[in-house]
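*Asks:* no sequence on this one, just coordinates:
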C-alpha cells in the first residue's frame, strides 16, 4: 500500500505541481486548500507526511502544526513546512513547534521529492 | 569634577603648549624666560610630567595666542570622548586609532576634529533615517503582499519548468497543460514586476499605495476613483425619488419616515445629558435589523440629516457599498470598515447635494460656499467636500483640493484633484496658510501660494467646530481649506479682484 502525502496549500498551481511530483514519486496524494480542511483530513485519514504551507486562509500552517503535535495519535506524521524565502523567523518558529523539516519557496522540485523520500524512508529510484 | 578638569588640563595643555610655541618659533629657553620659569620645568610641563598650575596657565595665556581658559583642556576632553565614541563604531572595526594618537590629534588639530565629528553626526543621522525608512518599508502591507505573490508565481514557474525538463514521458495533454501554466504565470509575473517599477517610480502611489495606516488606504481608495462613485450617485438619486424628491428642508422628515417605514428603525433625538453617553459619541444604532437610531441634540440639522442618510446607506444600500469597495484594494478589516464609512458618507453627501443640481448651483453662485450652504441646507465642510466629488466625466466641476487640519497642523482629511501634492505624513507647511484660519475663527480667508511644482494655487480657508458630546465640553475645531490651480480661481467669488493676467501678482509679498 503506498504511503500518503497530504498537500496543504491554497495556491492552485503549486498544489498541481506538488501533487504531480508526489504521485510520480509513488505516493498517494490528498489535498487540503486551507488549515481547517487540513485538520479535518488528518482526523479522518492521518497521512504519513504533510507538505504544509504557512500562509493559509482561515487557519495558518503554524496553527495546523500545533494541533497535529498536540494529538498523541498524530506524532508519527512527518511535517515538512513550505516557507517563504527571507522569512527565517517562520522556519525557526516551525521547527520549534515540531516540524520535521522545511522547504523554502521557490523550491527545487528535486529537493522536495528527495526530502519527502528521506523522511518516509523510501530509497531513491535509480534512473 | 575638579579632578577631571585637572587631568584634562594636564593631558592636553602640554601638547598644545609645545605646538603653539613651535608655531611662534620660540625655543623652550626663550619662552621659559618670558614666563619666569626654568627651561627644564617648561620641558616637563610640555611633556605632561608636571601639572599645569592655574598661575602658570594665566601666564601662558598672556604669552601664547590663545583665549582665556583655552588651555584648561575642557573642550579637548569633550572632543576626545566624542572621538573615542566615534571610533567605537563598528564602521572602524579594523582602523581604530589608539588613545594617545587621538589625544595628540585633538591637541594639535582641534578644527579637523570638530569637522570629523560634524561629519560623523551627519552620517549617523543619515544612517538612522535609512534604517527608519527600511523599517517602514518592510512593514508596508503592499510590499509584503507583493513579495508573497511574487514568490508564489516564481514557485509555480520553477516547479513546472523543472517538471517539463525532468520528465520526458509526459503525455501531450500534460505537457500542454503545464506549458499553459508557465505562460499564464509568466504573464502575471511580468504584470506584477511592471507594477513594482511603477511603484518605485512613484507612478502608482494611489493604486499600489505606501499605505501606512488604514486612513491612508481610505484616501488612496478615494484617489484611485478620482473621488467620484457613479454607483453611489445613482443609489442616492434612487433614494431621493423613493422618498418623494423632498426640498432640502424636508429631507430630515423624509429620511426619518423612510427609516421607520421601510427599515423599521425609529429615530430619537436625545438630550446631551443622556447617560451613559451614546456609543459612537454623537449617535448610536441599536439593533441592525430594525431598532433605534439615537442622535445627540447638539448636532446641527445638516449633521443630523447626514447621519440619517449614512445609516440608510449602511442598512439599505450595503450591497452597493460593498460592490463599490470591491473595485479597490484594502489590506485589513479596519481599513475596510473605514472605507465603507467613507463610502456611506459619500452617499449622504450625494443625497443632500444631488450631482446635477449642485454642480449647476456651484457655477451659478460662483462657488460662494455660504450661498451653497443656504441653498442645500448643509454645512461648510459638507459643501467643500461635495465640491471635490464633482468629477463625473464630461460633467466635471472645478478640480479642487481639500484639506482639513487641526491646530497643530496635523492633517485629518485630504484630497487633491487640483494637482497640488498634499503631504501624506506630518503637518502642513505654514506656507500653505491653512493654520492662519485659527486666527480668524469662523471667517473665510483667502490665500495664494506657489507650490514645489512651481504652479500657483488659490485657496479659501475657514475653521469648523464639531460640537462636544457632554455639557461643558468644548468641541474640536479644525481648519478646512478648499483650493484650485490659479487658472480655475476665476470660478470662485473669493478670487474677484485678483489679476489673472499676472499670476505672480496674486502671491503674498515676500517677508523681509
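*Replies:* Thanks, I have the structure now. Small disclaimer: the values here were computed from a predicted structure and weren't measured. Numbering: from 1, shown residues only, chains lettered A, B, ... in the order given.
*Asks:* Every contact and neighbour count from this point should use C-alpha atoms.
*Replies:* OK.
*Asks:* What is the burial count for residue B:274?
*Replies:* 11 (other CA atoms under 10 Å in any protein chain shown).
*Asks:* Tell me the secondary structure at it.
*Replies:* Using DSSP: H, G, I helix; E, B strand; the rest coil, the structure places residue B:274 in coil.
*Asks:* And the one 10 residues further on, by the same measure?
*Replies:* The three-state label given to residue B:284 by three-state DSSP is strand.
*Asks:* what's the closest non-adjacent residue to the residue in chain A positioned nearest to chain B?
*Replies:* When you check chain A against chain B by CA to the nearest CA, the closest residue turns out to be residue A:106, at 4.1 Å. Leaving out its chain neighbours, the residue that sits closest to residue A:106 by CA to CA, 6 or more residues apart in numbering or on different chains is residue B:155, at 4.1 Å.
*Asks:* can you tell me the helix or strand for the one you found?
*Replies:* For residue B:155, the host element (DSSP states H and E) is helix B:141-166.
*Asks:* same for that helix, what does it pack against?
*Replies:* Applying 3 or more CA pairs under 8 Å, 6 or more residues apart in numbering or on different chains; DSSP states H and E, one finds that helix B:141-166 contacts helix A:12-24, strand A:101-105, helix A:109-120, helix B:172-200.
*Asks:* Adjacent strands (with direction) for the second one?
*Replies:* Strand A:101-105 has these partner strands in its sheet, going by DSSP bridges: strand A:78-84 (parallel).
*Asks:* ok, the residue in chain B that chain A sits nearest to - contacts?
*Replies:* Nearest residue of chain B to chain A (CA to the nearest CA) works out as residue B:155 at 4.1 Å. When contacts are counted by CA atoms under 8 Å, 6 or more residues apart in numbering or on different chains, residue B:155 touches A:14, A:105-107.
*Asks:* Just the pLDDT for it.
*Replies:* pLDDT, residue B:155: 90.
*Asks:* Specify the local secondary structure of the residue nearest the centre of chain A.
*Replies:* Most central in chain A under CA atoms, centre = their mean is residue A:51, positioned 1.1 Å from the mean C-alpha point. The local conformation at residue A:51, judged by three-state DSSP, is strand.
*Asks:* List the contacts of residue B:366.
*Replies:* Contacts of residue B:366 (CA under 8 Å, 6+ apart): B:491-493.
*Asks:* what sits up against the worst-scoring helix or strand of chain A on mean pLDDT?
*Replies:* The least trusted helix or strand in chain A, going by mean pLDDT, DSSP states H and E, turns out to be helix A:88-96, with a mean of 76. Residues outside helix A:88-96 that contact it (CA under 8 Å, 6+ apart) are A:62, A:65, A:81, A:83, A:101-102.
*Asks:* Direction-wise, compare it with strand A:78-84 and give the angle.
*Replies:* Orientation of helix A:88-96 against strand A:78-84 (axes from the mean of the first three to the mean of the last three CA atoms, to 10 degrees) gives an angle of 170 degrees.
*Asks:* quick one: buried residues of the helix holding residue B:155?
*Replies:* Neighbour counts over helix B:141-166 (16 or more other CA atoms under 10 Å in any protein chain shown) mark B:141-143, B:146, B:148-161, B:163-164 as buried.
*Asks:* which residue ranges form the helices in the stretch 351-500 of chain B?
*Replies:* Counting by DSSP state H, counting those that start in this stretch, one finds helices in the stretch 351-500 of chain B at the ranges B:355-364, B:369-376, B:380-388.
*Asks:* was I right about the residue nearest to the centre of chain A contacting residue A:77?
*Replies:* No: in this structure residue A:51 lies outside contact range of residue A:77 using CA atoms under 8 Å: 10.7 Å.
*Asks:* correct me, but residue B:405 touches residue B:411?
*Replies:* Yes: shown here, residue B:405 and residue B:411 form a contact pair, counting by CA under 8 Å, at 4.4 Å.
*Asks:* Could you name every residue contacting both of these two?
*Replies:* By CA under 8 Å, 6+ apart, the residues touching both residue B:405 and residue B:411 are residue B:428.
*Asks:* of all the residues in the stretch 201-350 of chain B, which ones are close to chain A?
*Replies:* Applying the criterion CA under 8 Å from any CA of the partner chain, no portion of the stretch 201-350 of chain B neighbours chain A.
*Asks:* Low-confidence stretches in the stretch 201-350 of chain B?
*Replies:* B:201-213, B:275-277, B:279-281, B:288-290, B:328-329 (pLDDT under 70).
*Asks:* pLDDT weak spots in chain A?
*Replies:* By pLDDT under 70, the weakly predicted segments of chain A are A:85-89, A:124-127.
*Asks:* Run through the residues of it sitting next to chain B.
*Replies:* Going by CA under 8 Å from any CA, the residues of chain A near chain B are A:11, A:13-14, A:17, A:21, A:84-85, A:105-109.
*Asks:* Widest-spaced pair of those residues?
*Replies:* A:21 and A:85 (21.1 Å; CA to CA).
*Asks:* Same drill for the two, tell me which one is more crowded.
*Replies:* When residue A:21 and residue A:85 are compared on other CA under 10 Å, the one with more neighbours turns out to be residue A:21, at 20 against 16.
*Asks:* Contact partners for the residue nearest to the more buried one when sequence neighbours are not counted?
*Replies:* Nearest residue to residue A:21 in three dimensions, chain neighbours excluded: residue A:113, at 7.0 Å (CA to CA, 6+ apart). Taking CA under 8 Å, 6+ apart, we find residue A:113 in contact with A:21-22, A:25.
*Asks:* Phi and psi next, for residue B:51.
*Replies:* Recorded main-chain torsions at residue B:51 are phi -70, psi 150, according to degrees, to the nearest 10.
*Asks:* Is it in contact with residue B:42, as I believe?
*Replies:* No: applying CA under 8 Å, one finds residue B:51 not in contact with residue B:42, separated by 10.6 Å.
*Asks:* The two: which is more packed in?
*Replies:* residue B:42 (23 against 18).
*Asks:* Would you mind pulling up the elements that the helix or strand hosting residue B:237 packs against?
*Replies:* Element membership for residue B:237, per DSSP H and E: helix B:230-242. Applying 3+ CA pairs under 8 Å, 6+ apart, one finds that helix B:230-242 makes contact with helix B:318-326, helix B:333-352.
*Asks:* can you pick the most crowded of the contacts of residue B:366?
*Replies:* Counting by other CA under 10 Å, top hit in the contacts of residue B:366: residue B:492 with 21 neighbours.
*Asks:* pLDDT at it, what is it?
*Replies:* Value listed for residue B:492 in the pLDDT field: 93.
*Asks:* Can you give me every residue that contacts it?
*Replies:* Contacts of residue B:492 (CA under 8 Å, 6+ apart): B:366-368.
*Asks:* and if we set it to 6 Å?
*Replies:* Listed by CA atoms under 6 Å, 6 or more residues apart in numbering or on different chains, the contact set of residue B:492 reads B:366-367.
*Asks:* ok, now how distant is it from residue B:458?
*Replies:* 10 Å (CA to CA, to the nearest Å).
*Asks:* Show me where the stretch 351-500 of chain B has its strands.
*Replies:* B:400-405, B:411-416, B:445-450, B:456-466, B:476-485 (DSSP state E, counting those that start in this stretch).
*Asks:* Are any of the residues of chain A next to chain B buried, and if so which?
*Replies:* Among the residues of chain A next to chain B, the ones that count as buried by 16+ other CA under 10 Å are A:11, A:13-14, A:17, A:21, A:84-85, A:105-107, A:109.
*Asks:* Phi and psi next, for residue B:365.
*Replies:* Taking degrees, to the nearest 10 as the convention, residue B:365 sits at phi -90, psi 10.
*Asks:* other SSEs contacting whichever strand or helix holds residue B:77?
*Replies:* Element membership of residue B:77, judged by DSSP H and E, is helix B:74-87. Using 3 or more CA pairs under 6 Å, 6 or more residues apart in numbering or on different chains; DSSP states H and E as the contact test, no helix or strand touches helix B:74-87.
*Asks:* mean confidence for the helix or strand that that helix is followed by?
*Replies:* Using DSSP H and E, the helix or strand that follows helix B:74-87 in sequence is helix B:99-108. The pLDDT scores in helix B:99-108 average 78.
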